[in-house]
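S.K.: Here you go, sequence then predicted model.
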Amino acid sequence: MRLLLINPNISDSVSDLIRAEAQRSASPGTEIEVLTAPFGVAYIETRFEALLGAYAAAQLAAEHHARFDAVVVAAFGDPGLTGLREALPVPVTGLTEAALASAHLLGNRISVIAISQRIQAWYREVITSYGFAGRLASIRALDRPLSAIGGVQEEHAAALQALAERAVAEDGAEVIVLAGAPLAGLARTLKGRLPVPVVDGVSSAVRHAETLAALQPGQALQGSFSPPPVKPNRGLSPALQALLDRNALR
């Protein structure tokens, strides 16, 4: 099995974290490839930045999906996920969707620990779109500058753990979700240090992607996730044009 993880941010250091956790989490024999957005921002905090990340993810997915059994949008907030699910012939999941699916099996009240205050509104909207608004105990986030996005775990480890502890004690969280690719692998460090289960988005996405690929459910040909309809277009890259053309034949 081959999985493609797309980092919709331009940070190679974050891609390294994604790759390391994905390889630790994958089943024996699963091949992992991580690609980094060729344009965009260092890390996504806002709706507009998510728009840029979604386009970057679409470009990379169009260019490379044919070699893989499933695709993962490897950023919390899953920029572009639902659109890619329409267009690609293989299963697609993302860090938020997969983490929530894992947390759903571990407890009723879910708290998300994030890396910035600004990111909270967008995360809340995404979580609500997945139907988890009633299960969300809280979103707690760092409120301090980030000197290096790839070093958030090391620089702010104590503060992140403290946020998780407060979410349990004050918000009634029964499961903690560590949000964002910069926190990939931190759940392994915090395991046993918190009184509730801790969920990592990358490891969840890898395992769920493996399951979806193994189930071979097929692609939707009707309904809202069927391929985009045929219509005139211009200015698209050859890969995106080819993806639309392929869908036009279905």
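M.R.: Thanks, I have it. Numbers count the residues shown, from 1 in each chain.
S.K.: Closest to the centroid, which residue in the chain?
M.R.: Geometric centre of the chain, nearest residue: residue 95, 2.4 Å, by CA atoms, centre = their mean.
S.K.: Spit out the contact partners of residue 61.
M.R.: Residue 61 makes contact with 4, 6, 71, 80, 84, 87-88, 92 under the criterion CB atoms under 8 Å, 6 or more residues apart in numbering. Any C-beta I mention is one placed from the backbone N, CA and C, and that applies to glycine too.
S.K.: now residue 11
M.R.: By CB under 8 Å, 6+ apart, the contact set of residue 11 is 36, 42-43, 149-150, 182.
S.K.: go with 6 Å
M.R.: Contacts here follow CB atoms under 6 Å, 6 or more residues apart in numbering; on that basis residue 11 touches 42, 149.
S.K.: and the chain, what are its domains?
M.R.: The chain breaks down by automatic domain parsing into domains covering 2-96+205-248, 107-200.
S.K.: Centre of the chain to the last one, how far?
M.R.: This points to domain 107-200. For domain 107-200, the separation from the chain centroid amounts to 14 Å (computed by CA atoms, centre = their mean, to the nearest Å).
S.K.: What residues sit buried inside the helix or strand harbouring residue 5?
M.R.: Using DSSP states H and E, residue 5 sits within strand 2-7. By neighbour count with 16 or more other CB atoms under 10 Å, strand 2-7 contains the buried residues 3-7.
S.K.: Does that strand pack against any helices or strands, and if so which?
M.R.: Helices and strands touching strand 2-7, by 3 or more CB pairs under 6 Å, 6 or more residues apart in numbering; DSSP states H and E, are helix 12-25, strand 31-36, helix 47-64, strand 70-73.
S.K.: can you give me the helices for the protein?
M.R.: Along the chain, the segments classed as helices by DSSP state H run 12-25, 47-64, 81-87, 95-104, 120-129, 152-155, 157-171, 186-190, 201-215, 238-248.
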